[in-house]
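J.: give me a 3D structure for the following:
(chains A and B)
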Amino acid sequence: MLLKNAPVLFNEQVAANLYHVGFECPDIARRVQPGQFLMIRVAREFDPLLRRPFAVHRLESACIEILYRVVGRGTSILAGLTPGDSINILGPLGRGFRLPSGGGPILLVAGGIGIAPLPFLAEILLAAGNTGPHYLLFGAGKAEELVCVDHLEDLGFVTTVVTEDGSSGEKGLVTDHLERWLDGQQQLPVLIYSCGPYAMQRKVAHCALRFGIPCQLSMEALMACGVGACLGCSLRCKPPASETEPYYANVCQHGPVFTAEEIIWEQC
Amino acid sequence: MNRQGLAVQLGPLQLKNPVMVASGTFGYGQEYVDMVRPDLLGALVVKGISLEPRPGNPPPRIWETYGGMLNAIGLQNVGARVFVEEKLPWLKTFAVPVIVNIFGNTLEEYRSLAAMLDGCPGIAALEINISCPNVKAGGMVFGTDPHMVSQVVAMVRSATALPIITKLTPNVTDITVTARAAEQAGSDALSLINTISGMAVNVETRRPRLANVVGGLSGPAIKPIALRLVWQVVQAVSIPVIGLGGISSTEDALEFLIAGARAIQVGTANFVNPRITLEIIEGLQTYLQRHGFSHINEVIGSLQLSESSTD
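T.: Below you'll find the model as predicted:
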């Protein structure tokens, strides 16, 4: 875990309220794994007070890239930064995605801004020699929110898109499509990686469990510290093998990536 | 970072500097070890410990407010046995006074916990938590009733030879009453304030932001209130007072020390800047030099009230 000031290299709007920022931070770039996150302080003073967690979107040598949606004051300030401005970063943090031990089809499922950590994962999967085939199911509200699709297709991912308004691909929710997609596959994926809103993740997890496919999900939570000190980002999880009682895991420390089996979805 | 002139005496406790981390904001020390070597701190107050492990409250547990944060963690902790067997041995490897914040549902639980920790090498003092607003039994219920404050402190006093610090709640009409009750029952020092009860509502869903509905407010927003309460308590008791509540900079720390706190604890600011305690220690040293003081004791309680000293 490092605490660094990093200069912003670019900060571009890629959709109505989606931005793509890159900043130079070689020390953190050398250490970060797919699925890990950073706690970014956007203000020098105390408004907003707390750092904001962001998954690493891509890595380009010493440049760390983040894809983010403007949802409040913190992300609004972030969107206003220009090249040369500096941000303060704590990271890399958390337990990221684990890579599959063998070969076989891999499926990525993304909902909206949940696409953010998947390009980094996709690139590492390929760099690790995973031959796939590789698939992406990507659901968003409307066509313009379907960012990064070209990049993942260029990497060899066979992509299916779903939009809630029907402006691109099939109309509906990505989770509606997932079950039909799995039913239609001759060879099921050996692993599903998923990131998106909580309700989507719950359905993806249930679907993966029903088909018997291992599934890793990157979970989102409100966080204060990002390191397991404040215990604010709790997620109800099943007891580990040696215990009997369910417990509250820290999304920042025990996650943000969890397996479908770990989480007690009904009680969350 | 061996700083000159920063050592303070806190009743029976000797600290190399007056900067501590507040319970619940620094885990058990391991969480921030990449950022802060524990032995650079004046003391490390660990996450509140109960006799048995506690799962804590359901999420959502935190919500950011203007200049502050609300939390309703609910004293989630590993329990005393796991703390002693798995956390304390690591903490003992650092030359830092470890202060264990203790919490019970009943008087008897406070007694048992104090007695159990009394025999554990590596613990410098106990901080009695009678002020958590986020639990149904015990917690603030003990801290708002002066009679109960006396009973809890006396019970812990009878069970341990360790120095005891009583952490007071601000959620009372007159904090000097509970402060005096703790002093008279045998507390060696006081720490204040714990969080102030608060709440927040999502107006779109018309639901509370916290699953527990109410939580404890901390952060810069509460600092003026904490400072006023520390000032009042310093006038009311003879035992040392540790000030906390929104301290986020050297200047904040100095305000509390000048108002009479013998040491300070940094809480929520650790989340914002994990190295803030080290920056404050450095900043206090610089302040002494800049003002020609040779020791922090010349600063503690030096509030100037005469007209000629106002700026």
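J.: only C-alpha atoms for contact and neighbour calcs from this point on.
T.: Will do.
J.: chain A: helices as residue ranges?
T.: All helices of chain A, identified by DSSP state H, fall at A:26-31, A:73-79, A:118-127, A:149-154, A:174-184, A:198-211.
J.: quick one: pLDDT of residue 114?
T.: Assuming you mean chain A. pLDDT recorded at A:Gly114 is 97.
J.: nope, chain B please
T.: Here, the pLDDT recorded for B:Ala114 equals 97.
J.: and it, how far from B:Val84?
T.: Counting by Cα to Cα, to the nearest Å, the separation of B:Ala114 from B:Val84 is 13 Å.
J.: report the contact partners of residue 120.
T.: Just so you know, I chose chain A. Residues counted as contacts of A:Phe120 (Cα atoms under 8 Å, 6 or more residues apart in numbering or on different chains) are A:Pro34, A:Val56, A:His57, A:Arg58, A:Leu59.
J.: actually, chain B is the one I wanted.
T.: Under the criterion of Cα under 8 Å, 6+ apart, the neighbours of B:Cys120 are B:Val84.
J.: likewise B:Arg54?
T.: B:Arg54 makes contact with B:Leu75, B:Gln76, B:Asn77, B:Val78, B:Gly79 under the criterion Cα under 8 Å, 6+ apart.
J.: can you rerun that using 10 Å?
T.: Under the criterion of Cα atoms under 10 Å, 6 or more residues apart in numbering or on different chains, the neighbours of B:Arg54 are A:Tyr247, A:Tyr248, B:Gly74, B:Leu75, B:Gln76, B:Asn77, B:Val78, B:Gly79.
J.: which pLDDT does the model give the residue nearest the centre of chain A?
T.: The centre of chain A sits closest to A:Pro117, judged by Cα atoms, centre = their mean, with a distance of 3.7 Å. Here the pLDDT value assigned to A:Pro117 is 98.
J.: just give me the neighbour total for the residue of the stretch 151-300 of chain B found nearest chain A.
T.: Per Cα to the nearest Cα, B:Phe271 is where the stretch 151-300 of chain B lies closest to chain A, at 4.5 Å. Applying the criterion other Cα atoms under 10 Å in any protein chain shown, we find 23 residues in the vicinity of B:Phe271.
J.: am I right that it is in a helix?
T.: Yes - secondary structure of B:Phe271 (DSSP: H, G, I helix; E, B strand; the rest coil): part of a helix.
J.: now it: how far from B:Gln151?
T.: From B:Phe271 to B:Gln151 the distance is 34 Å (Cα to Cα).
J.: for the residue of the stretch 151-300 of chain B closest to chain A, which non-adjacent residue is spatially closest?
T.: Using Cα to Cα, 6 or more residues apart in numbering or on different chains and skipping the chain neighbours, the partner closest in space to B:Phe271 is A:Cys225 (4.5 Å).
J.: so the one you found makes contact with B:Gly24?
T.: No - in terms of Cα atoms under 10 Å, A:Cys225 does not count as a neighbour of B:Gly24; the distance is 11.1 Å.
J.: higher neighbour count, the two?
T.: For the pair A:Cys225 and B:Gly24, the greater number of neighbours falls to A:Cys225 (29 against 22), based on other Cα under 10 Å.
J.: just the closest of the contacts of A:Phe120 to chain B, please.
T.: Among those, A:Val56 lies closest to chain B (Cα to the nearest Cα), at 19.8 Å.
J.: enumerate every residue touching that closest one.
T.: A:29, A:32-38, A:64-67, A:92, A:116-121 are the contacts of A:Val56 under Cα under 10 Å, 6+ apart.
J.: go again with 7 Å.
T.: For A:Val56, the contact set (Cα atoms under 7 Å, 6 or more residues apart in numbering or on different chains) comprises A:Gly35, A:Gln36, A:Phe37, A:Ile64, A:Glu65, A:Ile66, A:Pro117.
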